[in-house]
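Visitor: Dropping the sequence and predicted coords here.
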Amino acid sequence: MTIINSVLIANRGEIAIRISKTLNEMGIKAYGIYSKDDSSSTHLSYCSEVFELNGVGPSAYLNINEIISIAKSKKIKAVHPGYGFLSENHLFAADCMKNDIIFIGPNEKILKNFGDKEKAKKLAQKLGIPICASLGPIKNNSDIQNFFNEIKKDKIILKANFGGGGRGSRIIHEKDDFSEVLSLVKEEAKSFSGSNLIFAEEVIEEARHIEVQILGDGHSCIHLFERDCSFQRNFQKFIEFCPAPNLSSQTKDRLYNYAIRLCESVSYKGLGTVEFLVDKNEKIYFMEVNPRVQVEHTITEEFTGIDLIRSQISVFNGKSLRDQNIKEGIVLGKRASIQARLNMESYDKKNQLIPTTGTIKEYDIVSGPGIRIDGAGRVGFENNGLYDSLLAKVIATSEYGLDEAVRKLDFTLRMSSISGVETNKNLISEILRQELPQTGLVNISTIDNNIEVYLQKLTRGSQKTVKEDNKYEVPNKPLIDSALTENTIQSELVGTVIDIKVVPNKNVKRGDTVLVQESMKMHHPIKAFDNGYISNFFVDIGDTVSTGSPLFEFIPDKKNSQKLLEKDQSKKSKKMRSDLLDLMERRKLTMDKSRSTAVKKRKKIGKRTARENIKSLIDNNEFFEYGDLVYAAQRSRRSLDDLIKNTPADGLITGLSYVNSDIFDKEKTKTAIMHYDYMVLAGTQGVNNHKKLDRMIDVIKGLKVPLIFFCEGGGGRPGDVDAGDQNIAGLNIPSFHDFARLSGEVPLVGIGSGRLFAGNAALLGCCDVIIGTRDLNLGMGGPAMIEGGGLGVYKPEEVGPTSVQYPNGVIDILVDKEDDAVVIAKKYLSYFQGTLGSWEAPKVENLRHVIPENRLEVYDIREVIDNIADIGSVLEIKAGFAKGMFTGFIRVKGKPLGLIANNPLFLAGAIDSDGADKASRFIKICENYNIPILSLCDTPGMMVGPEIEETGLVRHCCRLFLAGANVTVPMMTIVLRKAYGLGAQAMAGGSFMAPQFVVGWPTAEIGAMGLEGAVKLGYRKELEAESNEEKKEKLFKKLVDDLYEKGKAINAASLLEFDTVLDPIESRDWISMVVESPIDNAVKISKNRYIDSW
């Protein structure tokens, strides 16, 4: 039996992730590839090792020789092509076989037969499978006219012989200009399949697209039911579901039989899909075979419960269908599954489908039971327009039929949020509501015929779907070094220039094609609107352009055309100054594209580069970088060229930009950013990067802007020798002193990741908040320092892992990866940037029920918080530490608040030393940055006892009194249940008279100490006098009940111990009333404002 122990995934994006997941489950090592422009693609982090390809864009993934070379050199056993790219390329399959590499797909012969649609149709016809009329190859206009004459219909479809996904397909009417369409279809076919062979086929009116999933082991084949893929635009599927509704069982059986007959005739091995058209009378027409895994394989997996990728790999591992115990005809009940493809695309003013580009700012696809998400999207992901527009596949499955699956999908899409790049999310929801997939009435023309209606409905509903004047930028846009004129022709879409048809300064006639752009798998010719000539091209073949990008300058035919030509040639002769060229070249060396080796190492450990983190943080805003041309102070031991190339910015990237400018006025979002670059000397602190740090500290002080500081690295760098004898230990540098002086002046947000020790850790520890990734190892001394001090030998992973630093309170917020840290940093900073213009209120009615009626029953304080705060606005701080005390930020009606709260799930809400420290430090942060404070009180008091006193409780608890007593921002206290003694006073700033209001809920109870304790202490003699234990218990209960009645909320409010008692649903309005006060809380008494590190 063949044993596959390693697989190279010759693909990218979501399908590469999908394959990698199954490989890892099977214990097979997954290898990945990426093009030079695709180094930040999400799929790379799912592979054990990744390899960079030469070239950019899709063409890099089509380089057979290079991919084979990688597999051979790394001794990789097999290649999985996924879908698209080389998945149907018979030459690739043949080369794999020649080099003893297993191609996880059909062999060369089968790919030749099924890859050519005309050959596949002839084989089907030979086997008695019905096909529609066709003619091929189509070479000229006469061939097209002959076919029209033969079938006697007014329209036909031209198709490419090779490739799938609807590419190279166009409807042509008998009255159309055959030449233009024929030329376009041939060009499209050539560009994506390498062959310009095309054929003509009759159009089957009102047909549904039904396909059958096949799995073969080379000896026999089985079907895994059908999929309805009739929801298409421009011949491209975007909603698929199974089973196909409103289709008779007899028709389905014929489809299954045809598919199995065709595939078994060639001894098919692996996954394949046989595609058919079914007309309104359920007449069947074979179309083609896709000899690979399909984009929509997911719904078959959910429908049948079979992992198709695993089954496919197992077949090539020598396991037959019988070995895998896979059988057809599974009893499924009413189970149904539907998939929507979330694409980065839109429609222009002419209702033409166009791709969209940009960087994702928000990526929140709602999940839940029966929801599966296969995608490669994430916050910070940049779509450059070079690749397919697919962002994610959302699959909904229900045991109760397609109706419920559709509702589930619609709800998921409506509740999900994606921003930064436009998608078809809202359009899909609109189509699902109007067309009802469960009826089976949609055919392959329905969507295109009604697109205007859907878009108008969305526009009326104020949902932004139609793209009009938005200018989407792409990273590969051509550089323009001359001024644009009124004669400049601009692109009307995002796409790639694939051909330039004319030569500059040569006459062209009206209607001549000047260049051709490819967009959304279609070719778009750009024609001359008049006689004239092209004086200048701003693009070249292969350039990706955005909407509004200049393409060429067209000079209409005029008498003075010669003068204009001479003038233009004069302009073109002007070259860019050499000093500017030098600057541009030097700046390029600081970018990731010039550091491929370092970037590759970074990707191997699943990390993002410093510049990727910064780009994700600032979205589309410009980064104003300080000190970018600096290099390490090692001239006496390394060449200048080496230092410039390998120590850019001396390992510390610093600058200014705007963070959250999409939700606040831009002037409020100016932010300083610093990022230690681990790709430069392991992120260590050198002479020059200390100077940069000091410079940025001065800039921050002067501009009064917050700082987001990415820290990773190992402290001081002994290798900087340029200082010579002028520096021994460097203890006189001002960096740590000056950075600590920033505390309290501006918000300091620290992000720690990877290995982080010594000086870098000291800077991170001075920040107001520390956001740590799970791979963080944080310590004041690293392994080398520990060993040097004679304290033992340790691995970096053993020093300060998050399993230590999160529960002990050093790390305030723990996240999985750097992209999550960026999202949290932006959210944290937003509370200091102002009020949100839009917000969503929680269901306040829930507040009436969150506190149990039984006063002794515990509850989670987070349920209360979630129903007071605006939806999605809660950010908990130090959740892993002192769990009896909640601290964090929330918003109420868009306004930011700090929140402290007792959590009765831990210590019954009693305040211990850690809880007091946690709350008092948080109060200081809120006070310092003028954020109102809300306190939710439910505490039996301060924790007491000999053991707790060993923690220094007296001093720690009194920090809470000191912090609360010196608060000048509005403070509000809501007593939820228990409010006893000093603990309750501490939760109200030291006194119930200190806050702007102290109110109770009906469940509140107050006392000088806990009721049970008060009875035992105050009525000791009475209790001791009662010798009968049963009567003593009754007396004790009566005394407790009497005190409880006396201390109930309404009684307390009657004596002004509370300002009033609230119906819980009134809480948000009371909070809002205070925080909307006209008093200027920024006017404060001068004081020492630094934020204590603990």
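Guide: Alright, I've got the coordinates. Numbers count the residues shown, from 1 in each chain.
Visitor: what's the distance between residue 105 and residue 768?
Guide: Counting by CB to CB, to the nearest Å, the gap from residue 105 to residue 768 is 55 Å. The C-beta positions use only the backbone N, C-alpha and C, and glycine is treated the same way.
Visitor: List the neighbouring strands of the host helix or strand of residue 709 plus their orientation.
Guide: When elements are defined using DSSP states H and E, residue 709 is found to belong to strand 707-713. On the basis of DSSP bridges, the sheet neighbours of strand 707-713 come out as strand 670-676 (parallel), strand 748-757 (parallel).
Visitor: got the CA positions of the shortest one in CSV?
Guide: What it means is strand 670-676. The C-alpha atoms that make up strand 670-676 are tabulated as CSV, following Å, rounded to 0.1, in the frame of the first residue of the first chain:
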residue,chain,number,x,y,z
LYS,A,670,-3.7,60.6,15.4
THR,A,671,-1.5,57.9,17.0
ALA,A,672,2.1,57.2,17.5
ILE,A,673,3.2,53.6,16.6
MET,A,674,6.4,51.8,17.5
HIS,A,675,7.3,48.3,16.6
TYR,A,676,10.4,46.3,17.4
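Visitor: who touches the nearest residue to residue 419 once chain neighbours are set aside in this structure?
Guide: Ranked by CB to CB, 6 or more residues apart in numbering and with sequence neighbours excluded, the top spatial neighbour of residue 419 is residue 362, at 4.2 Å. Taking CB atoms under 8 Å, 6 or more residues apart in numbering as the contact definition, residue 362 lies against 379, 417-420.
Visitor: Counting neighbours, which of these end up buried?
Guide: The neighbour-count test (16 or more other CB atoms under 10 Å) marks 379, 418-420 as buried among the contacts of residue 362.
Visitor: Okay, and the beta partners of residue 749?
Guide: residue 708, residue 769.
Visitor: okay, it: pLDDT?
Guide: Per-residue confidence for residue 749 comes out at a pLDDT of 97.
Visitor: Pretty sure it sits against residue 708.
Guide: Yes: counting by CB atoms under 8 Å, residue 749 does reach residue 708; the two are 4.7 Å apart.
Visitor: Quick check: neighbours shared by those two?
Guide: Contact criterion CB under 8 Å, 6+ apart; residues shared by residue 749 and residue 708: 825, 829.
Visitor: where do the strands sit along the stretch 751-900 of the chain?
Guide: In the stretch 751-900 of the chain, strands defined by DSSP state E, counting those that start in this stretch lie at 769-773, 777-779, 813-815, 875-877, 885-892, 895-902, listed in chain order.
Visitor: Could you do the stretch 501-650 of the chain as well?
Guide: Assignment of strands within the stretch 501-650 of the chain using DSSP E, counting those that start in this stretch yields the ranges 507-508, 513-519, 522-527, 532-537, 544-545, 550-556, 624-626.
Visitor: Okay, buried residues for the third one please.
Guide: Of the residues in strand 522-527, those scored as buried under the neighbour-count criterion (16+ other CB under 10 Å) are 522-526.
Visitor: Next, format those residues as JSON lines and append distance to residue 847 and pLDDT.
Guide: What follows is the buried residues of strand 522-527, written out as JSON lines (distance: CB to CB, whole Å; pLDDT from 0 to 100):
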{"residue": "522", "distance to residue 847": "55", "pLDDT": "68"}
{"residue": "523", "distance to residue 847": "59", "pLDDT": "78"}
{"residue": "524", "distance to residue 847": "57", "pLDDT": "83"}
{"residue": "525", "distance to residue 847": "63", "pLDDT": "87"}
{"residue": "526", "distance to residue 847": "61", "pLDDT": "90"}
